[in-house]
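>>> could you look at this predicted model? Sequence included:
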Amino acid sequence: HSSLYTWPGENAVIYSWGHMGTGGMEKLSIQDGQLVFTEDFYQETEWNEESLDYTDPALFVPGSEYIPSYYTGNLWRPPETPGQILPVYRYGTSPREMTTPMDEGVVRAAIGKVLWEGESLFGVSGDGFHGDTGRVTLEEYLQPGVAYPYNDEPFIVSEYAWADVNGDGQLDCILRLGDWTYTVFSVWEDTVYGYFFDLYRDTMILGPDGRAYFVSDNSYYWWQTDFYCNQCNKWLISSLGEMADLPWEKFN
């Protein structure tokens, strides 16, 4: 439950942690090539019940800003799963748009063959926990213990929607498999990749930029996701403001 914040003008960052209302901040520097804690400068023992917020590090270090962090999930994914290089590749940059995104009709046709004609997909974990199935059909993918180890009955696809999820300028398809379970289909070359997300009390919405995001049921936090072939990760972002429902269609 920790984050890093910048410390302008110094060889340091702020290590800020918080859990169930308590928290603290420490100064983290590099000395002789080693990361060291040099100062424990704040302890938070009473949570502000009105705002439900922890203290902003910028109150102590003017100009301090949150440093984005990314979940890779390498410790709990199958041994044969490639290491997550995408967060490093993308770090500090905006999602890169495809130079020549596929035509919308081509994308819909390719994903449609997976949805309704039995063509295979390549399953990848979206959040680092479950969904690394490799190449399977959608019927196989939905079965108990395949994409998700805890479903006693096959998943039922209730709805689907079309939107750009990773901001690369190409259309994607989102399947709703339950109250908070989704798979995002993306086409790359001749393969349809399916990224599985098991989200507690989160849903998918359209942001003001027309891109799809995950958001908690109380709109307290937003998730942004990025993917490319067998790589996928997501991370917390600040609220983008006004949001809208995805154009869900009933799945038949």
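Looks like it arrived, so ask away.

>>> rest of the way, CA atoms for contacts and neighbours
Noted.

>>> list the buried ones in stretch 214-224?
With burial defined by 16 or more other CA atoms under 10 Å, the residues of stretch 214-224 counted as buried are 214, 215, 222, 223, 224.

>>> now do the third one against residue 206, distance only.
To residue 206, residue 222 is 11 Å away according to CA to CA, to the nearest Å.

>>> who touches both of the two?
A shared contact of residue 222 and residue 206, defined by CA atoms under 8 Å, 6 or more residues apart in numbering, is any residue touching both; here these are residue 213.

>>> just give the nearest non-adjacent residue to residue 166, would you?
residue 226 (4.8 Å; CA to CA, 6 or more residues apart in numbering).

>>> need the three-state assignment for that neighbour.
strand (DSSP: H, G, I helix; E, B strand; the rest coil).

>>> and it, what are its bridge partners?
The residues paired with residue 226 through beta bridges, assigned by DSSP bridges, are residue 233.

>>> what is the burial count for it?
Residue 226 sits with 19 neighbouring residues when counted by other CA atoms under 10 Å.

>>> how about the contacts made by it?
Under the criterion of CA under 8 Å, 6+ apart, the neighbours of residue 226 are 95, 165, 166, 167, 232, 233, 234.

>>> now the buried residues of stretch 214-224 as TSV including secondary structure?
TSV is the format used below for the buried residues of stretch 214-224 (three-state DSSP):
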residue	secondary structure
214	strand
215	strand
222	strand
223	strand
224	strand
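
>>> export those residues to TSV and tack on pLDDT?
Putting these into TSV (pLDDT from 0 to 100) gives the following:
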residue	pLDDT
214	89
215	88
222	84
223	85
224	87
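
>>> pick out the most distant pair among those residues.
Across the buried residues of stretch 214-224, the longest distance by CA to CA is 9.0 Å; it joins 215 and 224.

>>> residue 185 sits in which helix or strand?
Counting by DSSP states H and E, the element that carries residue 185 is strand 181-188.

>>> quickly run through the sheet partners of that strand, with directions.
Strands that pair with strand 181-188, judged by DSSP bridges, come out as strand 172-176 (antiparallel), strand 191-198 (antiparallel).

>>> okay, it in PDB with CA atoms only?
Listed next in PDB are the C-alpha coordinates belonging to strand 181-188 (Å, rounded to 0.1, in the frame of the first residue of the first chain):
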ATOM      1  CA  THR A 181     -15.700  -9.800 -15.000                       C
ATOM      2  CA  TYR A 182     -14.700  -8.700 -18.500                       C
ATOM      3  CA  THR A 183     -12.600  -9.800 -21.500                       C
ATOM      4  CA  VAL A 184     -11.300  -7.300 -23.900                       C
ATOM      5  CA  PHE A 185     -10.600  -8.500 -27.500                       C
ATOM      6  CA  SER A 186      -8.000  -6.800 -29.500                       C
ATOM      7  CA  VAL A 187      -6.800  -7.700 -33.000                       C
ATOM      8  CA  TRP A 188      -3.100  -7.700 -33.900                       C
END
